[in-house]
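Peer 1: Return a 3D structure for these sequence lines:
(one chain, ligands or ions: 2)
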Amino acid sequence: MPEEINRPFSFDVIREEDVTLSTYDNHIKRSLSAMRNQYHDEQAYETLLREEDCMLYEVYEVKRPEIAGELLQGISIVHPGKVGDEYFMTKGHFHSELGTAEVYYCLKGEGLMVMETPEGYWAIETLTPEKVLYVPPRWAHRSVNTSRDEDLVTFFVYPGNAGHDYGSIEKHGFRKLVVERDDQIEVIDNPKWLPPEVR
Ligand code: F6R
Ligand code: ZN
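Peer 2: Ligands and ions are numbered 1, 2, ... in the order given. Next up is the predicted model:
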């Protein structure tokens, strides 16, 4: 078989106390300092950051060529915790190639996927073990861990040519935030969200 042939391969999801993959190419760690301006309580953010630049989430990536036809896969692990009353979450992004979708399969934990289109339509879906979530083309997505003490672990698959646009969300935010109020999970309006007409 010629060397340039793409060979099929498989790997295992290792479900020990910390979920990992048997094979991966990249282990990304994102800490609090990477999330400036994303949490609504700026004072709580600065206070927590002064104490410790704690780890919010990790991603294990299985790399493939970043071209149409390929699929990129991996697991995303959002740790439990809050900044003020707002749960730990991923940065969130649109795919640069806006017409590309993504599938998430929840392996562990409890959380929400917060989604939004460039026009400002929003949607939220629950993530619990064994749930499969389809994020259609054009929807920005952010995972939020709403559990008290457990990691939120999801397996994801998306097209190789998707790319990531983080800048749009950094600039205008997500329309909805997920907070804890009186021991309940609540979805509230983001006071800093910029609607499409003023961007
Ligand atoms: C890839 C994807 C996930 C996220 C991961 C971390 O397109 O949606 O793999 O990359 O959950 O979140 P971000 O990338 O928003 O920091
Ligand atoms: Zn994505």
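Peer 1: what about Leu48, which SS state?
Peer 2: Put simply, Leu48 is helix when judged by DSSP: H, G, I helix; E, B strand; the rest coil.
Peer 1: Please compute how far stretch 128-142 lies from its chain's middle.
Peer 2: Offset of stretch 128-142 from its chain centre (C-alpha atoms, centre = their mean, to the nearest Å): 10 Å.
Peer 1: no wait, stretch 75-88
Peer 2: That offset, for stretch 75-88, works out to 10 Å (C-alpha atoms, centre = their mean).
Peer 1: same thing with stretch 3-14?
Peer 2: Stretch 3-14 sits 25 Å away from the centroid of its parent chain (C-alpha atoms, centre = their mean).
Peer 1: just stretch 118-138 next, same as before
Peer 2: Using C-alpha atoms, centre = their mean, the offset of stretch 118-138 from its chain centre is 11 Å.
Peer 1: So is that stretch next to ligand 1?
Peer 2: No. On the criterion C-beta under 6 Å from any ligand atom, stretch 118-138 is out of touch with ligand 1, staying 7.6 Å away. Using the backbone N, CA and C atoms, a C-beta is placed for each residue, glycine as well.
Peer 1: Span of that stretch from start to end?
Peer 2: End-to-end distance for stretch 118-138: 7 Å, by C-alpha to C-alpha, to the nearest Å.
Peer 1: List of residues touching that stretch?
Peer 2: 94-95, 98-117, 139, 141, 143, 152, 154, 168, 174-176, 178, 187, 195-196 (C-beta atoms under 8 Å, 6 or more residues apart in numbering).
Peer 1: in that stretch, what counts as buried?
Peer 2: Trp122, Leu127, Leu133, Val135, Arg138 (16 or more other C-beta atoms under 10 Å).
Peer 1: circling back to that earlier point, now the buried members of the contacts of stretch 118-138.
Peer 2: If we count by 16+ other C-beta under 10 Å, these have these buried: 94-95, 100, 102, 104-117, 139, 141, 143, 152, 154, 168, 174-176, 178.
Peer 1: Show me these that map onto helices.
Peer 2: Those of these mapping onto helices are Ser168, per DSSP state H.
Peer 1: contacts with ligand 1 among the buried ones among the contacts of stretch 118-138, please.
Peer 2: Answer for those near ligand 1 (C-beta under 6 Å from any ligand atom): Glu102, His141, Ser143.
Peer 1: would you put the C-alpha positions of stretch 80-96 in CSV?
Peer 2: Taking C-alpha atoms only, stretch 80-96 is exported to CSV below (Å, rounded to 0.1, in the frame of the first residue of the first chain):
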residue,chain,number,x,y,z
PRO,A,80,-16.7,22.1,37.8
GLY,A,81,-16.7,25.6,39.4
LYS,A,82,-18.0,29.1,39.1
VAL,A,83,-16.7,32.7,38.6
GLY,A,84,-19.1,34.5,40.9
ASP,A,85,-22.4,32.9,40.1
GLU,A,86,-21.5,31.9,36.5
TYR,A,87,-20.5,28.3,35.8
PHE,A,88,-17.2,27.4,34.3
MET,A,89,-17.5,27.2,30.5
THR,A,90,-15.5,27.0,27.3
LYS,A,91,-14.7,30.2,25.3
GLY,A,92,-17.1,29.2,22.6
HIS,A,93,-16.7,29.9,18.9
PHE,A,94,-18.3,30.0,15.5
HIS,A,95,-16.6,27.8,12.9
SER,A,96,-14.7,30.1,10.5
